[in-house]
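Asker: Fold the following and give me the result.
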Amino acid sequence: MAREVITTRAHGIDVSRWQETYVYAQTWGQVDFAIQKMTEGTWWDDKWGNLWDQGTSQVPIRGMYHYQRSGTSWKAQADNILEMVARVTPKLHIIALDVEKINNILDKTYFSDSKRILEYLSVNSDRKIILYINPDIFNIAHPLMLKNFGQEGVKWLLDYPMWLAQYWWVPDPNKQPATPKLRGDWDLWQYTDKGDTKNAQGQRHYGSPDLNVFNGTADQMRAWAGADEIITPPPSTKVTIDGVTVKLSNGSEVNLK
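Answerer: Below is the predicted model of the structure:
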């Protein structure tokens, strides 16, 4: 069955342990990318393998997100993220830092840690580093960081690619999100958390109720995320035989005498 196409924008999902399983081959909706929750604080999501093996790993553009926790070392959280990134194959293209209210204290320490985590990841990883945030949290963080740290304290809120969570009453992947007043651009938009359905055979539409669009086409997103990188193939084992000597394409020789 051909996959449904609902927008010319790259369209995808984010998925977490609340979905329990995600099998990409058993969905039929437009899923150009998938971003999976893998870490929170200093622990790993115990369902990450169930979601990754047959789900996120099968999607052309892949990412992970980390749920930041207050009261926990920012560096320990950042190192936890990098350890997960190094573990999974095929390659993750996107790392998102999820900055939210639940189970957190939204003070200057928490937001300073957000800044530190993003900067640390940018230095220590070649993946696309992005910020997940909603307008309400943005509007708390910006004046608090500006008051305590000046313009340098708010650069991360303005400069990092933004994955914005903002829902309209009627979900539509072709609309525009209501961005924070102090930042009008966006890269990814989580436009609904009620997007999944099932067909008569029990197959899931998208595999997650959380639906997102990229501010561009799938081709543009692949370039943006670095998913079009050229991978150098391993040396060929094709041989040519000259008498009794086998010459390998990497230049080595094996004498068959």
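
Asker: Give the rounded mean pLDDT of stretch 160-171.
Answerer: Looking at stretch 160-171 alone, the average pLDDT works out to 97.

Asker: Give me the buried stretch members for it, please.
Answerer: Across stretch 160-171, burial judged by 16 or more other Cβ atoms under 10 Å covers Y160, P161, M162, W163, L164, A165, Q166. C-beta here means a position set from N, CA and C on the backbone, and glycine is covered the same way.

Asker: In helices, which of those residues fall?
Answerer: The subset of the buried residues of stretch 160-171 located in helices under the criterion DSSP state H is empty.

Asker: S16: which of those residues is nearest?
Answerer: Using Cβ to Cβ, A165 is the member of the buried residues of stretch 160-171 that lies nearest S16, at 13.4 Å.

Asker: So what pairs up with the closest one in the strands?
Answerer: Q190 (DSSP bridges).

Asker: residues in contact with it?
Answerer: Neighbouring residues of A165 by Cβ atoms under 8 Å, 6 or more residues apart in numbering: Y132, I133, N134, Q190.

Asker: Just confirm N80 contacts T42, I think it does.
Answerer: Yes. Between N80 and T42 a contact is recorded at 5.2 Å, counting by Cβ atoms under 8 Å.

Asker: Just want to know which of those two has more residues nearby.
Answerer: N80 (20 against 12; other Cβ atoms under 10 Å).

Asker: quick one: which helix or strand includes the more buried one?
Answerer: helix 74-87 (DSSP states H and E).

Asker: From S57, how far out is Y24?
Answerer: Counting by Cβ to Cβ, to the nearest Å, the gap between Y24 and S57 amounts to 8 Å.

Asker: oh sorry, the question was meant for I117
Answerer: Using Cβ to Cβ, I117 is found at 24 Å from S57.

Asker: Among the two, which residue is more densely surrounded?
Answerer: The neighbour comparison of I117 against S57 (other Cβ under 10 Å) goes to I117, with 24 against 18.

Asker: OK, contacts around the more buried one?
Answerer: I117 touches H66, Q68, W74, Q77, A78, I81, L97, counting by Cβ under 8 Å, 6+ apart.

Asker: need the contact list for L118.
Answerer: Contact criterion Cβ under 8 Å, 6+ apart gives L97, I129, L131, W156, Y160 as the residues in contact with L118.

Asker: Of these, which is the most crowded?
Answerer: Counting neighbours by other Cβ under 10 Å, L97 leads the contacts of L118 with 25 neighbours.

Asker: Does it fall in a helix, a strand, or a coil region?
Answerer: The three-state label for L97, taken from DSSP: H, G, I helix; E, B strand; the rest coil, comes out as strand.

Asker: I'd say it and R69 touch.
Answerer: No. Taking contacts as Cβ under 8 Å, L97 lies outside contact range of R69: 11.5 Å.

Asker: okay, and for the stretch 1-150 of the chain, where does confidence drop off?
Answerer: Counting by pLDDT under 70, the stretch 1-150 of the chain contains low-confidence residues at 1.
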